[in-house]
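*Asks:* Would you be able to build a 3D model of this:
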Amino acid sequence: MKKYISVTAKFDKEGNILPLCVNWDDGRSFPIDRITDLRYAASVKAESAGLRYKCRIKAKDKFIFLEKNRWFIEN
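*Replies:* Take a look at the predicted model:
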């Protein structure tokens, strides 16, 4: 299952997108400590695909996806 989320991101001059922070609907925000992988991939849990960022958030690895113009996370 996927949950659409708000993401604070930085765009560089080459057009690359760098997510900086994951923002939940309830107001909580979690900074992304590091991005360890970036590739186009399918989400097995969400049955969808997009640009997949493997992120380190609070000492745990999480996948966030950029699907067209919306971000989602696997639940």
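
*Asks:* rest of the way, CA atoms for contacts and neighbours
*Replies:* Fine.

*Asks:* quick one, phi/psi of the residue in the chain sticking out farthest from the centre?
*Replies:* Using Cα atoms, centre = their mean, the residue of the chain lying farthest from its centre is residue 13. It sits 20.2 Å away. Backbone torsions of residue 13, given as degrees, to the nearest 10, read phi -70, psi -20.

*Asks:* what's the answer for residue 46, then?
*Replies:* Phi and psi for residue 46, reported as degrees, to the nearest 10, are phi -100, psi -10.

*Asks:* Report the spatially closest residue to it, excluding sequence-adjacent ones.
*Replies:* residue 1 (4.3 Å; Cα to Cα, 6 or more residues apart in numbering).

*Asks:* My read is that the one you found contacts residue 72, right?
*Replies:* No: Residue 1 lies out of contact with residue 72 (Cα atoms under 8 Å); the separation is 9.8 Å.

*Asks:* between the two, which one's more packed in?
*Replies:* Just comparing residue 1 and residue 72: by other Cα atoms under 10 Å the higher neighbour count belongs to residue 72, 22 against 12.

*Asks:* And that one, how far from residue 64?
*Replies:* Distance from residue 72 to residue 64, counting by Cα to Cα, to the nearest Å: 6 Å.

*Asks:* What of residue 50?
*Replies:* Separation of residue 50 from residue 64 (Cα to Cα): 9 Å.

*Asks:* For those two, indicate the residue with more neighbours.
*Replies:* Between residue 50 and residue 64, counted using other Cα under 10 Å, the more crowded position is residue 64 (25 against 19).

*Asks:* which residues does that one contact?
*Replies:* By Cα atoms under 8 Å, 6 or more residues apart in numbering, the contact list for residue 64 reads 52-55, 71-74.

*Asks:* Give me the lowest-pLDDT entry from those.
*Replies:* Lowest pLDDT within the contacts of residue 64 is found at residue 74 (84).
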